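[1] Sequence first, then the predicted structure:
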Amino acid sequence: MGTVHMLAAGSLAYKQMPADVLAPLMQLLNWLLWFVLLVCLAWMIVSAGKLWLVFRSDLAMNDASHGVLMSLLGAVVASTASGIALAFLPA
């Protein structure tokens, strides 16, 4: 029973990624996060403009409010995902 336990512990051992692999991966994640946040910001600006036009013309709320909410939600998800990635890929 001791050898089975040692085999299971050996197969679950955590190995640190080499720095020459980890550095470009972290740089790619940083660029991806900035790109996603810029897309969310652009979507937020466009949706806020649409929402302003809707409120200015006294029409009912439309997809513009949905766009504002989804851009905020996308930014939150991207920021949370980067935090989780940093927890699993220590620098």
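    That came through fine. Residues are numbered from 1 along each chain as shown.
[2] Now do the same for Leu31: its pLDDT.
    Leu isn't right for residue 31; it's Trp. pLDDT, Trp31: 90.
[3] quick one: it from Val39, how far?
    From Trp31 across to Val39, the span is 13 Å (Cβ to Cβ, to the nearest Å). Where C-beta positions appear, they are placed from N, C-alpha and C, glycine not excepted.
[4] quick one, which of those two is more surrounded?
    A count of neighbours by other Cβ atoms under 10 Å puts Val39 above the other of Trp31 and Val39, at 14 against 10.
[5] which non-adjacent residue is nearest the more buried one?
    Gly74 (7.7 Å; Cβ to Cβ, 6 or more residues apart in numbering).
[6] give the contact list for that neighbour.
    Going by Cβ atoms under 8 Å, 6 or more residues apart in numbering, Gly74 touches Val36, Val39, Cys40, Trp43.
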